[in-house]
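Novice: please work out how this folds:
(6 chains)
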Amino acid sequence: MRYALLVQGGPYSHQASHSALRFAEAVLARGHHLATVFFYHDGVYNAARLSAPPQDEPHLLDAWRRLHEDHGTELLVCIAAGLRRGLLDEREAARHGKQGHSLEAPFELTGLGQLIEVGRSHDRLVTFSP
Amino acid sequence: MRYALLVQGGPYSHQASHSALRFAEAVLARGHHLATVFFYHDGVYNAARLSAPPQDEPHLLDAWRRLHEDHGTELLVCIAAGLRRGLLDEREAARHGKQGHSLEAPFELTGLGQLIEVGRSHDRLVTFSP
Amino acid sequence: MNDIPEGDLLVILRHGPHGNSWLREGLDAALVAAAFGQRVSLLFLGEGVMALLKDQQEGPLGQKGTQPMLEMLGMYDIETLLVDRRALSERGIEVDDLCVSVSLVEGEAIAGALAHHRQILNF
Amino acid sequence: MNDIPEGDLLVILRHGPHGNSWLREGLDAALVAAAFGQRVSLLFLGEGVMALLKDQQEGPLGQKGTQPMLEMLGMYDIETLLVDRRALSERGIEVDDLCVSVSLVEGEAIAGALAHHRQILNF
Amino acid sequence: MILHILNRSPSASRVFQQTLDAMGPEDRLLLIEDAVQGALPQLVRYFEPVIGRLFALREDLASRGLDGRCDSRVMVVDVDGFVTLTEEADKTVSWF
Amino acid sequence: MILHILNRSPSASRVFQQTLDAMGPEDRLLLIEDAVQGALPQLVRYFEPVIGRLFALREDLASRGLDGRCDSRVMVVDVDGFVTLTEEADKTVSWF
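Specialist: I've put the predicted structure just below:
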């Protein structure tokens, strides 16, 4: 089946991201296609590119990246939730006259409409919230 | 009296930052000295320098900055909580081999020990949590 | 109400205004889905019913309330607003205290609403 | 316990391990305060008592538990661990199920603990 | 005297019980943010033990449309009164 | 059949009540994260109406030291079983 996850909890603050990544591995291990992860609410903080957790703790950003590299999972970040919270890619930073950026590929800023489309086009959507 | 605030809620996600800023104004209006705001847990996200909220919503980052400029309030961000969540100033970014930075003056990364010192040296410490 | 509406998306709203952003983000999702042509219903449970009270104002620092978004629901053809009767009565709120017109639900009708929508987003 | 300890800082821990970071951040604050020479006591309320259960393991993705931090308390001279008796009994947890030695408190002793510390941090 | 500050509604979270357990006989309780719902006549019973020492923040009541709906035994203060309460207390504890 | 997923302990949050209200007669409930506390014999009474359709996630029980302490009427599944539950359900709803 084609799975999507909706992640709404910030990394390190809540278990939601950890639970979602653990579930993602199990989905893949059962032979499903994990096509999309959509980040909304504080979940958008999972994409913060400068995240520097202690070396003896799970590196959530790298884990999301590996999901994309190894399985082609799209990592979609709600743009409205992201801008409020300071998550801008280079294009949005330029558009808002800011120096630097805080989000980069494989994460993509997208509209909330994509979440609705994901819900429509995938077989299962499972949400992990704080 | 010498007041300090401890802010533990992320901006836009929870009312904690709004409540803290409103309380800060009232503290100053009553003639007290608001010496310090300490950001811990998700409160550290208040310092995200790229934050770009819609123009018809309160700009929390600017409100914190004004507190510093107009009243000398120190804006202290817990470094351990910040690094995990991707909030690095230029020095920490360099130390972790990252390009760019997500936090800048007047916000300062400091150790958690500063919170203990703030609790000791101020007359009142009021916490705003998510 | 006896007729459980069918639809593409049920958005469940369980948080009140101002305290956090769940209500606004849930309404955003509902409006976007409607703009994409989906048949959307809203279900207000627990503290979510506080979203519907008359006389709400701006929050601290001029933070917008949710009433402007509620007023947009009609324009987007979101007309099914299901409200948990018990959540109202626990708070002493009457239907006349609400700023929009709603359908009260309780008991099995709540589970029915979930069953009758293809997709559910819970805020 | 009848003797309410006096101290500089009372850290209240109300969240269990793994679900969120409050417990770890609260223990961090307690350890740092002790390292700064403050007399620190801990008060475990509600779900916070789950921090003290034996046999905890790593969380998802190898997320560390809080037991290593609990083991450091003694090294930092944090010896007053107050535990809400009711929170234990509600969960069927006995003192023997805990991984550290604690003092049970209930009723007025809880408010007493708050009164007898100069500063309080609530996690 | 400690000022306890609570920001969760008793209809959603059980933290109000921990707050009440931790309050000494002279301590005060201020309801802010979502906790102001607890000032409604139908919900104020949760705070029965501290009636007479129970406050609610006017601005948070007003923004939620609850300004005129409070139980008369709840003392409504504005944010200036909130600061006064912190001045009068030895220390504050926030429950969330 | 809907799979409901709950992540808050009934000892801390009242969201479990909303979850139960929203469950149809065939729906299932999976306790994850802090909600696995609800599998303890002393707390499982909150979930009485859905006994027989009540699951708890083994990994979250184990990390909290609760693996051997569950009520026998709670069906313990690992994360692989969690995926299976989502396969068998028409859709899932997460409560938090």
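Novice: what's the neighbour count on A:D56?
Specialist: 7 (other CB atoms under 10 Å in any protein chain shown). Backbone N, C-alpha and C define where each C-beta goes, glycine included.
Novice: what sits opposite E:L31 in the beta ladder?
Specialist: Judged by DSSP bridges, the bridge partners of E:L31 are E:L6, E:A56.
Novice: show me what contacts it?
Specialist: E:6-7, E:38-39, E:54-57, E:60, E:74 (CB atoms under 8 Å, 6 or more residues apart in numbering or on different chains).
Novice: which one of those residues sits closest to D:S89?
Specialist: E:L6 (24.6 Å; CB to CB).
Novice: mind listing the helices for the chain?
Specialist: No chain was given, so I picked chain A. In chain A, the helices defined using DSSP state H lie at A:16-29, A:60-71, A:79-84, A:90-95, A:113-121.
Novice: ah, no, chain E please
Specialist: Using DSSP H, the helices assigned to chain E run over residues E:15-21, E:58-63, E:79-88.
Novice: any idea which of those gets closest to C:P17?
Specialist: helix E:58-63 (7.4 Å).
Novice: what packs against the closest one?
Specialist: On a contact count with 3 or more CB pairs under 8 Å, 6 or more residues apart in numbering or on different chains; DSSP states H and E, helix E:58-63 meets strand E:75-77, helix E:79-88.
Novice: can you say which of these is nearest to C:G65?
Specialist: Taking CB to CB, helix E:79-88 is the member of the helices and strands packed on helix E:58-63 nearest to C:G65, at 18.1 Å.
Novice: for that closest one, enumerate the helices and strands it packs against.
Specialist: For helix E:79-88, the packing partners by 3+ CB pairs under 8 Å, 6+ apart come out as helix B:16-29, strand B:124-128, strand E:2-6, strand E:28-31, strand E:54-57, helix E:58-63.
Novice: hmm, back to that, of the contacts of E:L31, closest to B:S17?
Specialist: Distances from B:S17 to the contacts of E:L31, taken by CB to CB, are shortest for E:N7, at 12.6 Å.
Novice: roughly how far apart are the residue nearest to C:R118 when sequence neighbours are not counted and C:G37?
Specialist: With sequence-adjacent residues excluded and distances taken as CB to CB, 6 or more residues apart in numbering or on different chains, C:R118 is closest to C:D8, at 5.3 Å. Distance, C:D8 to C:G37, using CB to CB, to the nearest Å: 9 Å.
Novice: count of neighbours near A:S121?
Specialist: Using other CB under 10 Å, the number of residues around A:S121 comes to 12.
Novice: can you pull the contacts of it?
Specialist: Going by CB under 8 Å, 6+ apart, A:S121 touches A:R2.
Novice: look up how far chain C lies from it.
Specialist: Distance from A:S121 to chain C, counting by CB to the nearest CB, to the nearest Å: 11 Å.
Novice: what parts of chain E come near chain B?
Specialist: Residues of chain E found near chain B (CB under 8 Å from any CB of the partner chain) are E:5, E:7, E:32-34, E:59, E:79-80, E:82-84, E:86-87, E:91-94, E:96.
Novice: touching, A:L109 and A:E92? I think so.
Specialist: Yes - using CB atoms under 8 Å, A:L109 is in contact with A:E92, at 6.3 Å.
Novice: so which of those two has more stuff around it?
Specialist: Neighbour tally, A:L109 and A:E92, criterion other CB under 10 Å: the higher count belongs to A:L109, 22 against 19.
Novice: closest point of chain E to chain A, which residue?
Specialist: Residue nearest to chain A within chain E: E:F96 (13.3 Å; CB to the nearest CB).
Novice: what sits closest to that residue if chain neighbours are left out?
Specialist: Counting by CB to CB, 6+ apart, E:F96 lies nearest to B:S129, which is 3.9 Å off, once chain neighbours are set aside.
Novice: same check on C:L10?
Specialist: Distance criterion CB to CB, 6+ apart; nearest residue to C:L10, sequence neighbours excluded, is C:H117 at 3.7 Å.
Novice: quick check: phi and psi on that neighbour?
Specialist: Taking degrees, to the nearest 10, you get phi -120, psi 140 for the backbone angles of C:H117.
Novice: residues near it, how many?
Specialist: 25.
Novice: got the confidence number for residue 83?
Specialist: As the question left the chain open, I've gone with chain A. pLDDT, A:L83: 98.
Novice: wrong chain, I was asking about chain E
Specialist: 99.
Novice: that one: what's it in contact with?
Specialist: For E:V83, the contact set (CB under 8 Å, 6+ apart) comprises B:23, B:26-27, B:30, B:32.
Novice: which residue, other than its chain neighbours, is closest to it?
Specialist: B:A26 (4.8 Å).
Novice: residues from chain C in reach of chain A?
Specialist: Residues of chain C lying near chain A (CB under 8 Å from any CB): C:8-9, C:21-22, C:25, C:28-29, C:32-33, C:35-36, C:38, C:119, C:121-122.
Novice: OK, contacts around the residue nearest to C:L10?
Specialist: Contacts for C:H117 were tallied using CB under 8 Å, 6+ apart; they are C:6-10, C:41.
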